[in-house]
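[1] Pasted the sequence and its predicted model underneath.
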Amino acid sequence: MLFNKYQYINRIQKRGYSQTCQVQDENSKTFWAKWILGIDKSSTKAKILADKLRHLQKARHSALPEIIEYGYDEEQQAFAIVFELLDSVDTLENAFTRIKNQPFINGLIELAECLNELHQKFKINHGDMHPANILVDNNGQFYLIDFGLSDITKTLSQEKDLEIFAKNFAAPEKLNRLASKGFPYQSDIYSFGKIIDWFFHTKQENLPEEQNRNLQKLLAENPNDRPNWQQVIEILKSFVFPAEKENILIAFRKGYTNDFFETLNSETPLFDISPKGGDNYLLDIIVGQFLCEGVIWVKNEYKLLFNEIKYLNILDEKIIERKTKESKKLSFNCSFTGRSSTINLTPYFQKWFEQKQKQHSLRENRKAVKKELVFYRELLEKEKEVIAKNSLRLQCYSCKVSGDEVTFNIKPNEKYSNVGIVLKHIEEGNDVNSEGFEYVVSANADRKQNKEVVEFAGKPYDWVQVTEDDKLDESERKYALKIKDCEHLKKDNIPQSGYLFENTAKKEEEKNRQLDAIRKVEKNEVQNPDLIYRLFKPDDLTISSSDYSPLETVWQKDKDNQPLVYSDNQNKAIRNSLTKSPFSIIQGPPITRMLSISF
């Protein structure tokens, strides 16, 4: 059993440096598992691979199978990765014969956009691109797998026939040490060009002269002469095969005009699918100057049924802009006809429908989270005000230092802390768990404007009246604040008259960090938006049993001298700390002596 939570569904198959198998969790959900062979548990290779996978897990793109989890599998003695299960996929190596030219180029455009994003955001490159590392599903969606494995394994493969195949796509600088060196992404671009060349050569088709000339730019011997990913995307978009067309059956409920029908067959339509479920798919289509609302794809008839057709110029520009942004294009040329369809659009619409549902769900989640965040932001702003209001602020007219103690003679001032706040400050400073306070002494009341300030730490322990006349008003009485166990106190720099403040910079910094975190969540500048939602809506989490068995030996005892019993989460945390390397360690405020460790 993989990671004590996934059972094997079929036989493990080995190829090259890896082995694969479908696995299933206790909820009968199926995943795809891959083991990378030849990597020791505590080796540098394992750490490098884990680091790459951690970054890939953050990256979200339709061309990347989602990484569910990864780690070292003790049972197979290999590094294992669990992916989402992709339905009805095959490698490009096996599927190329049934893929037409335009869908092939459209699939590569999506891969190039993915690789460009990974390079720009995470500095991730593939390193071993060839048709066996590209998957294609029944909808024509292309996926990239096996990122960075060539950096981990000794060769491009560990199986002879696969190694020979992979080397046919490797850049010259990867095979010849004397060749001109370049950046890793430039080697991927060369491999990308070789995949295009392989596809048309294997199908015994010749590219037009201009397209072939552009292809040769990707295959330049010198890495510096190759285009970057953005330029590759533009080159691929110039690859057009107008002879390949599919017929799509259409019908109208309210009739149509000739200019609409001509526009439909002369311009590229944009499809905005609705996230609402049903027997068929509901969508809006934008084409030319028209918006077609409530179009229905009738699944069992392979037909688009048009309802209402409007001119764009009479509609709200913001609505059109949003619909255009969320719309999709078909990956092939098509002709709309009243006769019969030569293609079933259901797989395309199904994929778009699932993506739209996820977007809709995420949007609703964000609304719920933002509602919660408004409360927390207001609470933090209020806490900052309370910190400023309740912190110690006194005006002093003289001070005396004796060893590690200092006494400040306080001048009454109604603008600053009253006796109640001072006494509370002393009480908190003498608490058994208190390590005292940090203070700032400055010559004027605005310590932020005064560069010559004295900072020190100590424990307040006494507040005594200096004036002997008890008949004086409270505003006329003078007191002394005594502070002991002082550290970092530079007595020669203390002004004889000035102002004594509790240093609240660390408290304010903590609140500001929390406010900054809220800002990032509101702007969606987070690695895992789903995690943020779950944090605020824990009741929506699905219940599953722990994937960790109880600890065999527990040395800690409870009050009845029995071994402590840990919760599932505590079990998991303890086992992680014993077997895994942390990927982040965050030190808390110094006075807490706490660390936050993530695995």
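    Received it, and whenever you're ready, just let me know what you need.
[2] From here on, just use CA atoms for contacts and neighbour counts.
    Noted.
[3] tell me which residues of stretch 211-220 are tucked away?
    Neighbour counts using 16 or more other C-alpha atoms under 10 Å place Asn214, Leu215, Lys217, Leu218, Leu219, Ala220 of stretch 211-220 among the buried residues.
[4] could those residues be laid out in CSV, adding pLDDT and distance to Lys181?
    Formatted as CSV, the buried residues of stretch 211-220 follow (pLDDT from 0 to 100; distance: C-alpha to C-alpha, whole Å):
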residue, pLDDT, distance to Lys181
Asn214, 96, 22
Leu215, 96, 21
Lys217, 97, 17
Leu218, 97, 15
Leu219, 96, 14
Ala220, 96, 13
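[5] Any chance of JSON lines for these, columns distance to Leu2 and secondary structure?
    Output for those, formatted as JSON lines (distance: C-alpha to C-alpha, whole Å; DSSP: H, G, I helix; E, B strand; the rest coil):
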{"residue": "Asn214", "distance to Leu2": "47", "secondary structure": "helix"}
{"residue": "Leu215", "distance to Leu2": "44", "secondary structure": "helix"}
{"residue": "Lys217", "distance to Leu2": "45", "secondary structure": "helix"}
{"residue": "Leu218", "distance to Leu2": "41", "secondary structure": "helix"}
{"residue": "Leu219", "distance to Leu2": "42", "secondary structure": "coil"}
{"residue": "Ala220", "distance to Leu2": "44", "secondary structure": "coil"}
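[6] Let me know the closest of the residues you listed to Thr407.
    Leu218 (76.8 Å; C-alpha to C-alpha).
[7] Looks like the closest one contacts Ile189 (just checking).
    Yes - using C-alpha atoms under 8 Å, Leu218 is in contact with Ile189, at 6.1 Å.
[8] Identify the contacts common to the two.
    Common contact partners of Leu218 and Ile189 (C-alpha atoms under 8 Å, 6 or more residues apart in numbering): Arg226, Pro227, Val232.
[9] In the residues you listed, which residue is surrounded by the most others?
    Using other C-alpha atoms under 10 Å as the neighbour test, these are led by Val232, with 23 neighbours.
[10] Ser480 looks like it's in a helix, true?
    Quick fix: residue 480 reads Ala, not Ser. No - counting by DSSP: H, G, I helix; E, B strand; the rest coil, Ala480 falls outside a helix, being strand.
[11] Around the residue lying closest to it once chain neighbours are set aside, how many other residues sit close by?
    The spatial neighbour of Ala480 that comes closest, neighbours along the chain excluded (C-alpha to C-alpha, 6 or more residues apart in numbering), is Asn409 at 4.4 Å. For Asn409, the neighbour count with other C-alpha under 10 Å is 24.
[12] before we move on, which element is Asn409 in?
    strand 405-411 (DSSP states H and E).
[13] again with Gln395
    Here Gln395 is assigned to strand 393-402, by DSSP H and E.
[14] next one: Ile81
    strand 78-84.
[15] Please enumerate residues in contact with that strand?
    So strand 78-84 is in contact with 30-41, 46, 65-73, going by C-alpha under 8 Å, 6+ apart.
[16] what's the spacing between that strand and its chain's center?
    Centroid displacement of strand 78-84 relative to its chain, using C-alpha atoms, centre = their mean, to the nearest Å, is 19 Å.
[17] quick one: strands adjacent to the next helix or strand after it?
    Remark: after strand 78-84, the chain's next helix or strand is strand 90-91, criterion DSSP H and E. Paired strands of strand 90-91, with direction, are strand 134-136 (antiparallel) (DSSP bridges).
[18] following the strand it pairs with, which helix or strand comes up?
    strand 142-144.
[19] Could you export stretch 63-75 as CSV, CA atoms only?
    Only the C-alpha atoms of stretch 63-75 are listed here, as CSV (Å, rounded to 0.1, in the frame of the first residue of the first chain):
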residue,chain,number,x,y,z
ALA,A,63,-1.4,21.3,-19.2
LEU,A,64,-0.1,20.0,-15.8
PRO,A,65,-1.6,17.0,-14.1
GLU,A,66,-2.4,18.0,-10.5
ILE,A,67,0.2,16.6,-8.0
ILE,A,68,-1.7,15.2,-5.1
GLU,A,69,1.2,14.3,-2.9
TYR,A,70,4.8,12.9,-3.0
GLY,A,71,7.4,11.4,-0.8
TYR,A,72,9.6,8.3,-0.3
ASP,A,73,7.7,5.0,-0.5
GLU,A,74,9.2,2.5,2.0
GLU,A,75,7.4,-0.4,0.5
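[20] Same question for it: list its buried residues.
    Of all the residues in stretch 63-75, those buried under the rule 16+ other C-alpha under 10 Å are Ala63, Leu64, Pro65, Glu66, Ile67, Tyr70, Gly71, Tyr72, Asp73.
[21] is it true that the fifth one touches Gln57?
    Yes - counting by C-alpha under 8 Å, Ile67 does reach Gln57; the two are 5.6 Å apart.
[22] Now Thr97. Nearest residue, chain neighbours left out?
    Lys203 (7.3 Å).
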